[in-house]
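Asks: Quick one, what's the 3D model for this:
(one chain, ligands or ions: 1)
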Amino acid sequence: MTDRLVRAVFDDLDIKASVATVTHTARTAQIAHQLEPVSAMMLGQWLCAGALMAALQKGNSRINLQLECDGPLRGMFVDAAATGEIRGYAKNRYLSLQLDEGPFRYRPALGNSGFISVLRNIGDEEYYRSSVQLEAFSLATDLNHYFMRSDQVPTAVAMHLAPTPTDALGLVVGVLLQLLPSGNTNTFHAVALGLEERLAQAAVFHADAPTEILKHLIPNQPFTEHGETPLQWACTCSQERVFNMLRSLGKQEMQEILETLGEAKVTCQFCGTTHIATRQDLQLLLETPA
Ligand SMILES: [Zn+2]
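Replies: The predicted model follows:
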């Protein structure tokens, strides 16, 4: 099964919902960046959050989800498209420490201060950036604060990993509930209570089935599905882009690279792919006008 995101509306409650399964994407990121367990767990959640937030966007626009913190993780960055392509990285790839259960589970990775910053495409070339300080030191709870502050829309994000002693990720699923303008705030908060536990329970049996997860999130409430988007790890980097970047350095610098290094190796920070411009490539770039 592939990762996907399903959108739905709980018609009687005026709550819209997205459920994302991100297990394969998170595992691809773990391999691509060679992440140690805790780095993989943090980035897996952040990729999940990126997918859920990108689904609120229109057309083929993107969102950038940034986290900066003074803990050993240092930060994370995810770039996600409404069309389902996700990429991202953790600043510290080597984080491996004991995480205890409970609400402060991720605090050892996040530290004592930090912020979440979201850049959203809100029109053709228009962008909107909004930030909140980390308060709960739980990615999901701090994202809920973000929505309350920046959009004044009651939102409940929950994410679930199921690590085993040999697998840091297990499965990675997430949900985002948002109250529609016609809905009732008290009802929403009642539904949001215990969301993480219900997601975890549903994920045990339906890890790859967002529709089944939706049935368990708000029991006995009818919902209408509004489409499904396949999710996948994808980057916009390419050999051609690396060549263009080298061209932009100018002939003198390219000549220096050729003489001192013989080739140019450029590793994309988003996806970990290393693009190589060989001696022949560099010579060709020097000979062809930009
Ligand atoms: Zn890349």
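
Asks: and the residue nearest to residue 81 when sequence neighbours are not counted, what is it in contact with?
Replies: Excluding the flanking residues, the one nearest residue 81 by Cβ to Cβ, 6 or more residues apart in numbering is residue 62, at 4.8 Å. Just so you know, the C-beta spots here come from the backbone N, C-alpha and C atoms, and that holds for glycine as well. Residue 62 sits next to 54, 79-82, 121 when contact means Cβ atoms under 8 Å, 6 or more residues apart in numbering.

Asks: Dump the residues you listed to a markdown table, plus secondary structure and pLDDT.
Replies: Listed next are the contacts of residue 62 as a markdown table, based on DSSP: H, G, I helix; E, B strand; the rest coil; pLDDT from 0 to 100:
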| residue | secondary structure | pLDDT |
| --- | --- | --- |
| 54 | helix | 96 |
| 79 | strand | 96 |
| 80 | strand | 96 |
| 81 | strand | 94 |
| 82 | coil | 93 |
| 121 | strand | 86 |
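
Asks: can you name the two of the residues you listed that are farthest apart?
Replies: Greatest spacing in those, by Cβ to Cβ: 79 and 82 (11.9 Å).

Asks: can you tell me how far the residue nearest to residue 81 sits from residue 146?
Replies: The gap separating residue 62 from residue 146 is 17 Å, by Cβ to Cβ, to the nearest Å.

Asks: Can you give me the neighbour number for the residue of the stretch 51-200 of the chain found nearest the ion?
Replies: Closest approach between the stretch 51-200 of the chain and the ion, counting by Cβ to the ion: residue 87, at 6.5 Å. Neighbour count for residue 87, taken as other Cβ atoms under 10 Å: 26.

Asks: any idea which helix or strand carries it?
Replies: According to DSSP states H and E, residue 87 maps onto strand 85-90.

Asks: swap in residue 258?
Replies: Applying DSSP H and E, one finds residue 258 within helix 251-260.

Asks: Give me the contacts around the following helix or strand past that helix.
Replies: The C-terminal neighbour of helix 251-260 among helices and strands, as given by DSSP H and E, is strand 264-267. With contacts defined as Cβ under 8 Å, 6+ apart, strand 264-267 is touched by 242, 245-246, 257, 273-277, 281-282.

Asks: Just the ones in helices from those residues, please.
Replies: 242, 245-246, 257, 281-282 (DSSP state H).

Asks: Which PyMOL command selects the buried ones in those?
Replies: Under the burial definition 16 or more other Cβ atoms under 10 Å, those of the ones in helices among the contacts of strand 264-267 that qualify are selected in PyMOL by:
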select buried, resi 242+246+257+281+282
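
Asks: Including pLDDT and distance to residue 192, could the ones in helices among the contacts of strand 264-267 go into a markdown table?
Replies: As requested, these are exported to a markdown table (pLDDT from 0 to 100; distance: Cβ to Cβ, whole Å):
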| residue | pLDDT | distance to residue 192 |
| --- | --- | --- |
| 242 | 92 | 45 |
| 245 | 91 | 45 |
| 246 | 91 | 50 |
| 257 | 91 | 54 |
| 281 | 92 | 54 |
| 282 | 92 | 56 |
